[in-house]
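Colleague: one predicted model, sequence on top.
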Amino acid sequence: MSLRLKALTKSIWVYHMSTGSCNNCDIEIIDMLTPRFDAERFGITLVGSVRHADAILVTGSLNLKAVPRIKQVYEQAAKPCVIIAIGTCSCGQGIFKNGPNCPNPVDSILPVDIYIPGCPPKPEAMIAGIVKLIEKLNGKK
Amino acid sequence: MKRETIIQNIKIRSGKDLLDFQDKSKNRIYFTVNKTILPQIAKYLFNDANARFSTASGVDTRKAVEILYHFAVDDIGLFISLRVILEKPNLEIDSLLGLFKCAEWIEMEMHEMLGVNFKGHEDPKHLLLKDDWPKGNYPLRRD
Amino acid sequence: MARKIIPIGPYHPLQEEPEFFRLHVDGETVVDIDIELGYNHRLVEKISESKNFDQVAFMVERICGICSTSHPFAYVNAIDDLLGVKPPERALYIRTAIAELERIHSHLLWLGLAGHFLGYNTVWMWAWRYREPVLDIFERVTGNRQNYGMMKPGGARRDMLEEDFPWIKKTLKDLIPKLDMFKGAIMDDPVIRMRTEGVGVLTKEDARDYGLVGPTARASGVNIDIRRDDPYAAYDKVEWQVCTHEGGDVFSKAVVRILELYQSINIVIQCLDKMPKGPIDSGIKDIPPGEGIGRHEAPRGEVVHYIMADGGNSPARHKIRAPSFMNVASNKKAVIGETISDATIILAAVDPCYCCTERMAVVDYKTGKKMMDGQDLIKLSQEKTEKIKNKLGR
């Protein structure tokens, strides 16, 4: 694995991107920062610009209006950048599957590295998922 | 203002343009009126009956598009729904933007979802759908 | 004007997308605002027509994460209205308790966000920390921290267990001293008062013109509350009060929400005390043709659901009007004429469905060039608080 990728697993900076979600997942992501879960002790912090991000947390079922913007954001991210799909909607559109405004799932335009399902997934589940990803990147089982 | 007074006043002001009245329950009443009289009744409700404009819902009933304008008279808990039936293909009605600003967004929404034209509401852009959504494709229409 | 791509704040959804709020400024003053919607639009009303009546209750929960139970509540009220039947008593109390617990968590969430925008990150952390026990109650009672699935057409989907009641009441009573602390922190802090009093004022006339609902309206002295005006569930069986304030500014909106927190705790405890035994489901089988309108006082204001049924298994038409649809439009009035450093707190004061607030950008009025983004605006707001603190020697 490249040195850069290895470096990012020490302290993973995440950027949060909603592709049209109900915000439950987004709030649980921020909840990760609050005292009870305190994701910062694992080195996970939210950053304000995708250019600083090591990982992108994607939520939402990919609203048509959002598609060009999502693509642009991903292009701007400094590679390597892992994509983490959070919530049932970003894993596979969930209950909005047949909606005319959300015809495709997130992984049709972004290469997702890990899926964390749940509606919304608990902060513990998200932290566990991110830790699993870090272990995978480090070559552990 | 009393419930019965409001009902009477609407009936009087609609005159022959009142097509139907349904007293469904204590807090739910429905009037079906001709679209020409709608602005007047809306004005009465907003100005004299101190009603609040709550929302409007449009539905495609295949032969026509029905719009229900919902007003809330909060001090007596009454919810009044004014129904107008717009026969296809003439889906046009006067805008209520001159009466209250909260008509703006809901009329934009009904325009892009059902293709209704609100006279007096300058060319509304898309509120919810993306800008290059195919023209003439109204998601809530059934035809 | 060309669309600009704007980077957005730390916990904001989308980066690079046309701004939700585009503020046009002349110097330091906001002279105009463009509001763009649609980024979260999933055409739920259309999808609803392809789901059966029971499934719709689950789907509408996911319209908005924060007022997750408000939409199902208005929806089941619409079905009750259509059928003209009342669900069993116990179900009414359960519905009420769940809805009020949601109000508590929602207002605490808003308190945290407002604290963050004003630069009081401690308020943010503490408000969200004290939200956690409420989410624990939800998890114990419903199985999930958000998206509870408690509302069912004809009743409640799950019962609340009597053995949980003492623990729920204790958790809520333990919250009261924390609320006292927040109330004191906000009402007595001169800096917060300077930042919020007289800022983003909406008058009673504005409230009527924009059809404002919820705490946004009550903060302008408009005494409306669906729970009292058009009673449903158990709201007319418990003692509680509608909270209003006269200022119409951001401060008033904060005060109304804090007062409502106390009322909500009171309502939940009464519901648990008075909950009658009995069935929770009236066992609806078919929905006959007809129309129903359901309303609910969500944490943000009046939610209206209109259902038209044609005798089939799915709604023929399902119209959903969320409270933020009315309240967000009023930002046109509230923010124009104010300074950019106050913009974030004004836009946040109507408590829009969270995803909406922070996509902001500032554009120069004369040149149309983008000057700042959402993150800059939040920073400006926090810096203003610092300046005031320094001036007051705190």
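Modeller: Structure's in. What do you need?

Colleague: give the buried residues for the helix or strand hosting residue C:379.
Modeller: Using DSSP states H and E, residue C:379 sits in helix C:374-391. For helix C:374-391, the neighbour count (16 or more other Cβ atoms under 10 Å in any protein chain shown) marks C:374-382, C:384-385, C:388 as buried. No exception for glycine: its C-beta is placed from N, CA and C like everyone else's.

Colleague: ok, and which of those residues reach chain A?
Modeller: Among these, proximity to chain A is found for residue C:375 (Cβ under 8 Å from any Cβ of the partner chain).

Colleague: nearest to chain A: which residue in chain B?
Modeller: residue B:130 (4.0 Å; Cβ to the nearest Cβ).

Colleague: could you measure from that residue over to chain C?
Modeller: In this view, residue B:130 and chain C are 7 Å apart by Cβ to the nearest Cβ, to the nearest Å.

Colleague: tell me, how many residues neighbour that residue?
Modeller: Look at residue B:130: counted by other Cβ atoms under 10 Å in any protein chain shown, it has 16 neighbours.

Colleague: quick check: closest non-adjacent residue to it.
Modeller: residue A:65 (4.0 Å; Cβ to Cβ, 6 or more residues apart in numbering or on different chains).

Colleague: what about that neighbour, which SS state?
Modeller: helix (DSSP: H, G, I helix; E, B strand; the rest coil).

Colleague: please pull out the lowest mean pLDDT helix or strand from chain B.
Modeller: Among the helices and strands of chain B, helix B:103-114 carries the lowest confidence by mean pLDDT, DSSP states H and E, at a mean of 89.

Colleague: and the next helix or strand after that one, what does it pack onto?
Modeller: Using DSSP H and E, the helix or strand that follows helix B:103-114 in sequence is strand B:117-119. In terms of contacts (3 or more Cβ pairs under 8 Å, 6 or more residues apart in numbering or on different chains; DSSP states H and E), strand B:117-119 is packed against strand B:92-94, helix B:103-114.

Colleague: can you pull out the strands in chain B?
Modeller: Under the criterion DSSP state E, chain B contains strands at B:18-25, B:28-33, B:52-60, B:64-73, B:78-87, B:92-94, B:117-119.

Colleague: any chance of these in a markdown table, with mean neighbour count and mean pLDDT too?
Modeller: Converted to a markdown table, those look like this (neighbours: other Cβ atoms under 10 Å in any protein chain shown; pLDDT from 0 to 100):
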| stretch | mean neighbour count | mean pLDDT |
| --- | --- | --- |
| strand B:18-25 | 13 | 94 |
| strand B:28-33 | 20 | 96 |
| strand B:52-60 | 24 | 93 |
| strand B:64-73 | 22 | 95 |
| strand B:78-87 | 20 | 95 |
| strand B:92-94 | 16 | 93 |
| strand B:117-119 | 16 | 91 |
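
Colleague: okay, those in TSV with distance to residue C:136 next?
Modeller: Below are the strands of chain B laid out as TSV (distance: least, Cβ to Cβ, whole Å):
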stretch	distance to residue C:136
strand B:18-25	39
strand B:28-33	38
strand B:52-60	35
strand B:64-73	36
strand B:78-87	37
strand B:92-94	51
strand B:117-119	48
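
Colleague: mind checking which of the ones you listed is nearest residue C:279?
Modeller: strand B:18-25 (23.6 Å; Cβ to Cβ).

Colleague: and that closest one, how far from the chain's centre?
Modeller: Relative to its chain's centre, strand B:18-25 lies at 15 Å (Cα atoms, centre = their mean, to the nearest Å).

Colleague: ditto for stretch C:60-80
Modeller: Relative to its parent chain, stretch C:60-80 has a centroid offset of 12 Å by Cα atoms, centre = their mean.

Colleague: that older thread, any idea which of the buried residues of helix C:374-391 is closest to chain A?
Modeller: Among the buried residues of helix C:374-391, and counting by Cβ to the nearest Cβ, the member closest to chain A is residue C:375, at 4.9 Å.

Colleague: please list the residues of chain A that sit near chain B.
Modeller: Residues of chain A lying near chain B (Cβ under 8 Å from any Cβ): A:64-65, A:100-101.

Colleague: quick check: ChimeraX command selecting the buried ones in the residues you listed.
Modeller: This is the ChimeraX syntax for the buried subset of those, where burial follows 16+ other Cβ under 10 Å:
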select /A:64,65,101
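
Colleague: can I get the residues of chain A next to chain B in TSV including pLDDT and distance to residue C:186?
Modeller: Below are the residues of chain A next to chain B laid out as TSV (pLDDT from 0 to 100; distance: Cβ to Cβ, whole Å):
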residue	pLDDT	distance to residue C:186
A:64	78	41
A:65	73	37
A:100	73	44
A:101	73	39
